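Fold the following.
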Amino acid sequence: MNTKNIDGQISRKGLRTSVAAGSIGVFVHWFEWAIYAYLASTIAVVFFPQQDSTAALLSVFAVFAISFGVRPLGALVFGTLGDRIGRKKTLSIVILSMSGATLVVGLLPTYDAIGLWAPILLVAARVVQGLAAGGEFGSAAAFLAEYSPRKHRGFGVSWLEFGSLLGFLAASLVVFVLSSAMDAQAIADGGWRIPFLIAVPLGVIGFYIRSKIEDTPEFRSLEELGNVPQSPVKEVFTKHRKQLLQMSGLEIMMHVTFYVVLVYLLTYQEKVLGFDAGTAALLSTAASVAGLILVPFVGALSDRIGRKPLLITAAVSLVVLAYPLFLIMQTGTAWAGIVSTIGLGVILALILGVHAAAAAELFPTRTRQTGLSIAYSVTAAIFAGTVPYVLTWLIAQTGNDMMPAFYLILVGLIGLAAVLSMKESKGKDLLSEDAEDLQSLGTPARATQGVAHT
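So this is what the prediction gives:
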């Protein structure tokens, strides 16, 4: 599929196709992830022995944690592939692997049918999904950054997180409809399979779109120059350690804020503050919708005023506002819940709208996908999935219900330090550093001219 018009610019249709190709895999990933989390209690009944229901549920969450633990390995594999064979191919491999594993989960026999093989096969499928997830963000962020016009890169890349929020919301809607249409026994008897099987055709559509696109102009330029790296992982750790640390600080702030606001807060409001389950779920949905609306606008705003001002605003907002917002939340009134949850959702939207573009602009094209994949996946494995456990433990140990606020203040400070150490990258030529590397080697950077989008 040719995405350029006669002037060499990315056509509107081509740009829309590129945005769809980049964001649909993230949508499928978060849809499947949220489905698994929402149906955890049912999955515990279906795949694990029920002599101890608590142990079964913990086993489900352990399998969930395993999928996070293998992400860094997926990042190494798919990051390397993306920087060696191209963004397009890895995008296709990742979504095919993710969809195939999801299909397996949806079709797996139960514990009652095949005994211990049921949880073993579930673990195997989740490992494949975790490996694929480790490559999804880096592949998609590099692809969207390199396909978006330079002046609108923030807006283009922001659709990556729009896809993640949309997947999250779609999963909650599907589970809500499923729960309304079936009783708990019917869901356990087979209704739980429906959401997983729904995800499969979405993945097939995503694979079809990704198989029809061209690779990015930046990567094709590197191929023309013979400048594709042989060992991008080694290059990242030897030449771009600073960028890796900067992105890691940024991603720690993003991961923890995301999981506090959209995952842990629902449990916190229900179990700690005494909100009824319906109110807590409604507030979580409201925060997601606020993010869905704001993220593309924040991305577009970053193209006008820069990445750093918005990221600094988000980090400072966490440091200054997290405690007051949780203090308001603890009053327990409906309006307090709305104000505090939406307030946290707005701060999250500021981060989500900018972080991926800013991170992509940190690395040169030669190692962009590897750097993005490693920093994102390692910080996700350490900080993302551990949020509910860490905060539950901290509250239990200290007796202080404000621990989520203190945790957000801490990651806000980490994010602020990372952002302050970064240069403003709005409108950056993504091939400039690669051209400088070539010139230092005495190789003319002929293919970099005319590639950057305007």
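
for stretch 417-434, which positions count as buried?
418, 419, 422, 425, 426, 428, 430, 431, 433, 434 (16 or more other Cβ atoms under 10 Å). In short, each C-beta sits where N, CA and C put it, glycine included.

Return the member of those nearest to residue 384.
residue 418 (16.6 Å; Cβ to Cβ).

ok, that closest one - contacts?
Contact analysis of residue 418 by Cβ atoms under 8 Å, 6 or more residues apart in numbering lists 245, 246, 247, 248, 249, 250, 253.

ok so the first one is a helix residue?
It stands for residue 245. Yes. Applying DSSP: H, G, I helix; E, B strand; the rest coil, one finds residue 245 inside a helix.

picking up where we left off before, now the buried members of the contacts of residue 418.
Looks like the contacts of residue 418 have 246, 247, 248, 249, 250, 253 buried, using 16+ other Cβ under 10 Å.

Take these and write them to JSON lines, including pLDDT and distance to residue 28.
Shown next, in JSON lines, are the buried ones among the contacts of residue 418 (pLDDT from 0 to 100; distance: Cβ to Cβ, whole Å):
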{"residue": "246", "pLDDT": "98", "distance to residue 28": "29"}
{"residue": "247", "pLDDT": "97", "distance to residue 28": "24"}
{"residue": "248", "pLDDT": "97", "distance to residue 28": "26"}
{"residue": "249", "pLDDT": "98", "distance to residue 28": "28"}
{"residue": "250", "pLDDT": "98", "distance to residue 28": "25"}
{"residue": "253", "pLDDT": "98", "distance to residue 28": "25"}
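
now those residues in a markdown table, with distance to residue 144?
Below are the buried ones among the contacts of residue 418 laid out as a markdown table (distance: Cβ to Cβ, whole Å):
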| residue | distance to residue 144 |
| --- | --- |
| 246 | 20 |
| 247 | 16 |
| 248 | 21 |
| 249 | 22 |
| 250 | 17 |
| 253 | 21 |
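
Out of those residues, which comes closest to residue 81?
Residue 81 lies nearest to residue 247 out of those, by Cβ to Cβ, at 19.5 Å.

For residue 114, see how far away the closest one is.
43 Å (Cβ to Cβ, to the nearest Å).

which one of the contacts of residue 418 sits closest to residue 223?
For the contacts of residue 418, the nearest to residue 223 is residue 247 (25.1 Å; Cβ to Cβ).

Excluding sequence neighbours, find me the nearest residue to the closest one.
residue 375 (4.0 Å; Cβ to Cβ, 6 or more residues apart in numbering).

for this protein, longest helix please?
What stands out as the longest helix in the chain, according to DSSP state H, is helix 117-147.

In this structure, where is pLDDT below threshold?
Along the chain, the parts satisfying pLDDT under 70 run over 1-15, 52-54, 57, 432-454.

50 - rerun?
1-8, 440-454 (pLDDT under 50).

Show the backbone phi and psi for residue 306.
Dihedral angles of residue 306 (phi, psi; degrees, to the nearest 10) stand at phi 110, psi 160.

dump the residue contacts of it.
Per Cβ under 8 Å, 6+ apart, neighbours of residue 306: 424, 426.

before we move on, what about residue 29?
Counting by Cβ under 8 Å, 6+ apart, residue 29 makes contact with 98, 132, 133, 136, 164, 167.

can you tell me which helix or strand it belongs to?
In the assignment (DSSP states H and E), residue 29 maps to helix 12-38.

Mind listing what's buried along stretch 212-219?
213, 214, 215, 216, 217, 218, 219.

Please identify which pair of those lies farthest apart.
For the buried residues of stretch 212-219, and using Cβ to Cβ, no pair is farther apart than 213 and 218, which are 14.1 Å apart.

Next, please give the residue ranges for the helices of the stretch 201-350 of the chain.
217-225, 232-239, 241-259, 265-267, 277-305, 307-329, 334-352 (DSSP state H, counting those that start in this stretch).

can you give me the angle the helix holding residue 29 makes with helix 117-147?
150 degrees (axes from the mean of the first three to the mean of the last three Cα atoms, to 10 degrees).

what's in contact with stretch 407-414?
249, 252-253, 256-257, 260, 315-319, 322-323, 383, 387, 390-391, 394.

isn't residue 138 right next to residue 367, touching?
No. The pair residue 138 / residue 367 is not scored as a contact, 10.6 Å apart, by Cβ atoms under 8 Å.

what number of residues lie near residue 185?
Residue 185 has 9 neighbours, counted by other Cβ atoms under 10 Å.

got it, and the one 3 residues further on?
Counted by other Cβ under 10 Å, the residues lying close to residue 188 total 18.

can you tell me how far it sits from residue 179?
Residue 188 is 12 Å from residue 179, by Cβ to Cβ.

same deal with residue 397?
Using Cβ to Cβ, residue 397 is found at 34 Å from residue 179.

neighbour-wise, which of those two wins?
Each of residue 397 and residue 179 has its neighbours counted (other Cβ under 10 Å); residue 179 has more, 14 against 9.

distance between whatever helix or strand residue 390 lives in and the chain's centre?
Element membership for residue 390 (DSSP H and E) is helix 387-398. Distance of helix 387-398 from the chain centroid (Cα atoms, centre = their mean, to the nearest Å) equals 24 Å.

Please work out which residues outside that helix touch it.
Under Cβ under 8 Å, 6+ apart, the answer for helix 387-398 is 255-256, 259-260, 263-264, 267-268, 272, 400-401, 403-404, 407.

Neighbour count and distance to residue 234 added to the residues you listed, as a markdown table?
Compiled in a markdown table, these are given as follows (neighbours: other Cβ atoms under 10 Å; distance: Cβ to Cβ, whole Å):
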| residue | neighbour count | distance to residue 234 |
| --- | --- | --- |
| 255 | 23 | 26 |
| 256 | 27 | 30 |
| 259 | 20 | 32 |
| 260 | 24 | 35 |
| 263 | 18 | 35 |
| 264 | 21 | 37 |
| 267 | 15 | 42 |
| 268 | 22 | 42 |
| 272 | 16 | 46 |
| 400 | 11 | 45 |
| 401 | 14 | 46 |
| 403 | 21 | 40 |
| 404 | 27 | 39 |
| 407 | 20 | 35 |
